[in-house]
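> sharing a model prediction with you, sequence too.
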Protein chains: 2
Amino acid sequence: MIILKIGGGAAINIDGIMSDLANLQERAVIVHGANALRDKLLQELGVEKKILTSLSGYSSVFTDQTALDVLIMAYAGLRNKRIVELCQQNGLNAIGLSGIDGKVIQGKRNTGIKIEEHGKRRIVRDFSGKPQKVNVELLTWLMENHYLPVLCVPILDENNFAINSENDDIVTLLQYHLHAQKIVQFIEAPGFLKNPDDPDSLIKNMTKEDLEQFEDTATLRMKRKVLALRKLFLSGAVSVLIADGRGEHPLVDALNGKGTTIK
Amino acid sequence: MIILKIGGGAAINIDGIMSDLANLQERAVIVHGANALRDKLLQELGVEKKILTSLSGYSSVFTDQTALDVLIMAYAGLRNKRIVELCQQNGLNAIGLSGIDGKVIQGKRNTGIKIEEHGKRRIVRDFSGKPQKVNVELLTWLMENHYLPVLCVPILDENNFAINSENDDIVTLLQYHLHAQKIVQFIEAPGFLKNPDDPDSLIKNMTKEDLEQFEDTATLRMKRKVLALRKLFLSGAVSVLIADGRGEHPLVDALNGKGTTIK
């Protein structure tokens, strides 16, 4: 089986990915984002997007109840159902589930983020957290019965509240439980770029060890991505492809090694 | 098993219904609306709600692609997931599905509505249709494995497009396939009112035959409701309760006969 992680950019060719997947005839689980749609919706609704940077240097979206409402509408609502619709049109019997549906992805709410604001340090807590448990039985039954699970946030926290979570962490957890042969990540770039601002700096092949070295020299912007990839290999990944989701046949191209292959 | 139809009004006490359902320990399928939320969202997004009245006198929302986007965000997105969250908090392992997920509800797109506009008759076609098929295997497996299916629009049409549909028709089709012992419909009124504008005109008990008589004298506003109830009995319903969803224990009250009982 394969895990497809589809980025939340507006230019990703979902239809092309699903057409490729239908021809491949392999079991799959999809995890998708919707950040472009979420940001558009926030703007249209006049809701301000709050981004916090922790003392350790990582920045993340602050998810209060209003932000979570918008996130649910964008991710589990419009984006998830339009992806499911495109799957159905390509002959894939997709079933869209957020992490809270059937407790597919359960986790633990973050205790808070340490931030510094106006020279003062404090802890702020939002509705976000880390995934910890997967309903493997449900996902396995679905795949065995020819359904294609299409997953997204929110996930369920330890008190049964809906919370936001990082898709990278969800994919890592899924890999740990489902042992996919390949993980393909579709982004709006030719692959893993040495310099994110230079599309010509594509790295064709990387090893797990390269990732470690890379992390030491990476910019803040790249740090989280590299760390997520390293965790993915720690969870048993054997092959990760980072590929351009914007082409006509994104999945075929990815499997043919057009993007970045990490082994 | 029982089928719960939850109206789309903002005042329905979902938490109370789910708390009652958890105590009841009976298999159930839920079908919910979200019209209050959808209308609020349309307004916030500045999208005009188009309502058409057919030549035969029925009025319905005209669902173009923009309206369908908003519908998906409201129904399959925010309302569905917040209901699933409340179920989880009450110990019910709910799984929220729109009709397009796993082809749970498939149907046929309407060929068009005959309308008269500025003295001219024409046919307009939107993304709406009638449900015709239920994925009974999936719903049965879910219930047998202690999941609570929480269903909503959109459904899937014959060309695998997402379309809007009437919840009354969905409930009728579900009843035909699932043979529920009881169907409970939660609304924002004490039950079935002889005069919709008079909350004191509650009809406590009705027979199928009463419905037929009622249809002849009903106002346009009531006609569709009465017709839907008649179809429900034609699909094998034996007991339909129409109950106030706004109380502290809406389901317990309904089962105790507080609203309208139709047999």
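In hand now; what should we look at?
> which bits of chain A sit near chain B?
With the criterion set to Cβ under 8 Å from any Cβ of the partner chain, chain A comes near chain B through A:41, A:44-45, A:69, A:72-74, A:76-78, A:80-82, A:84-85, A:88-89, A:93-98, A:100-103, A:138, A:141-142, A:145, A:147, A:154, A:156, A:159-162. Heads up, the C-betas are built off the backbone N, CA and C, glycines and all.
> how about whatever residue of the stretch 51-200 of chain A ends up closest to chain B, nearest residue that isn't a chain neighbour?
Using Cβ to the nearest Cβ, the single residue of the stretch 51-200 of chain A nearest to chain B is A:G77, 2.1 Å away. In space, and not counting its chain neighbours, A:G77 is closest to B:G77: 2.1 Å by Cβ to Cβ, 6 or more residues apart in numbering or on different chains.
> also A:K208?
A:F233 (4.8 Å).
> which stretch of helix or strand covers the one you found?
Here A:F233, judged by DSSP states H and E, is contained in helix A:220-234.
> can I assume the residue of the stretch 51-200 of chain A closest to chain B sits in a helix?
Yes: under DSSP: H, G, I helix; E, B strand; the rest coil, A:G77 sits within a helix.
> the lowest-mean-pLDDT helix or strand in chain A: how far from the chain's middle?
For chain A, the helix or strand with the lowest mean confidence is strand A:59-61, at a mean of 81 (criterion: mean pLDDT, DSSP states H and E). Centroid separation for strand A:59-61 versus its chain: 15 Å, with Cα atoms, centre = their mean, to the nearest Å.
> and it, what does it pack onto?
For strand A:59-61, the elements it packs on are strand A:51-53, judged by 3 or more Cβ pairs under 8 Å, 6 or more residues apart in numbering or on different chains; DSSP states H and E.
> which parts of the stretch 51-200 of chain A are helices?
A:65-72, A:80-89, A:136-144, A:167-178 (DSSP state H, counting those that start in this stretch).
> most packed of those helices?
helix A:80-89 (a mean of 24; mean count of other Cβ atoms under 10 Å in any protein chain shown).
> OK, contacts around the residue positioned nearest the centre of chain A?
For chain A, the residue nearest the mean C-alpha position is A:N167 (3.1 Å; Cα atoms, centre = their mean). Contacts for A:N167 (Cβ atoms under 8 Å, 6 or more residues apart in numbering or on different chains) come out as A:5, A:31-33, A:152-153.
> rewinding a little: what lies in contact with the least confident helix or strand of chain A?
Contact partners of strand A:59-61, identified using Cβ under 8 Å, 6+ apart, comprise A:49-54, A:67, A:113, A:128, A:164.
> from those residues, list just the buried residues.
A:67, A:113, A:128, A:164 (16 or more other Cβ atoms under 10 Å in any protein chain shown).
> taking these, tell me the two that lie furthest apart.
A:A67 and A:I113 (14.2 Å; Cβ to Cβ).
> was I right about A:I17 contacting A:I6?
Yes: using Cβ atoms under 8 Å, A:I17 is in contact with A:I6, at 6.8 Å.
> intersection of neighbour lists for those two?
Jointly contacting A:I17 and A:I6 under the rule Cβ under 8 Å, 6+ apart are A:186, A:245.
> my guess is A:V31 contacts A:I2. True?
No: counting by Cβ under 8 Å, A:V31 does not reach A:I2; the two are 11.6 Å apart.
> how far away is the residue of chain A most remote from its centre from A:P190?
Going by Cα atoms, centre = their mean, the residue of chain A most distant from its centre is A:G119, 33.5 Å out. As judged by Cβ to Cβ, to the nearest Å, A:G119 and A:P190 stand 42 Å apart.
> just to revisit the earlier point, so the residue nearest to A:K208 touches A:S239, yeah?
No: A:F233 is beyond contact range of A:S239, at 9.8 Å (criterion: Cβ under 8 Å).
> okay, and the common contacts of the two?
By Cβ under 8 Å, 6+ apart, the residues touching both A:F233 and A:S239 are A:I262.
> and these two? Which one has more around it.
Remark: of A:F233 and A:S239, A:F233 carries more neighbours, 21 against 14, as counted by other Cβ atoms under 10 Å in any protein chain shown.
> picking that back up, could you pick out the buried ones from the contacts of A:N167?
A:5, A:31-33, A:152-153.
> including pLDDT, could those residues go into TSV?
Output for the buried ones among the contacts of A:N167, formatted as TSV (pLDDT from 0 to 100):
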residue	pLDDT
A:K5	98
A:V31	98
A:H32	98
A:G33	98
A:C152	98
A:V153	98
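> what angle sits between the helix holding A:F233 and helix A:167-178?
Angle of helix A:220-234 versus helix A:167-178, following axes from the mean of the first three to the mean of the last three Cα atoms, to 10 degrees, is 10 degrees.
> which strands border the helix or strand just after helix A:220-234, and is each parallel or antiparallel?
For helix A:220-234, the succeeding helix or strand toward the C-terminus, using DSSP H and E, is strand A:240-244. Partners of strand A:240-244 in the sheet, by DSSP bridges, are strand A:182-187 (parallel), strand A:260-262 (antiparallel).
> of those, flag the one that's most buried.
For the strands paired with strand A:240-244, where neighbours mean mean count of other Cβ under 10 Å, the stretch averaging the most is strand A:182-187, with a mean of 25.
> what about whatever helix or strand comes next after it, average pLDDT?
Going down the chain from strand A:182-187, the next helix or strand is strand A:205-206, by DSSP H and E. On average, the pLDDT along strand A:205-206 is 95.
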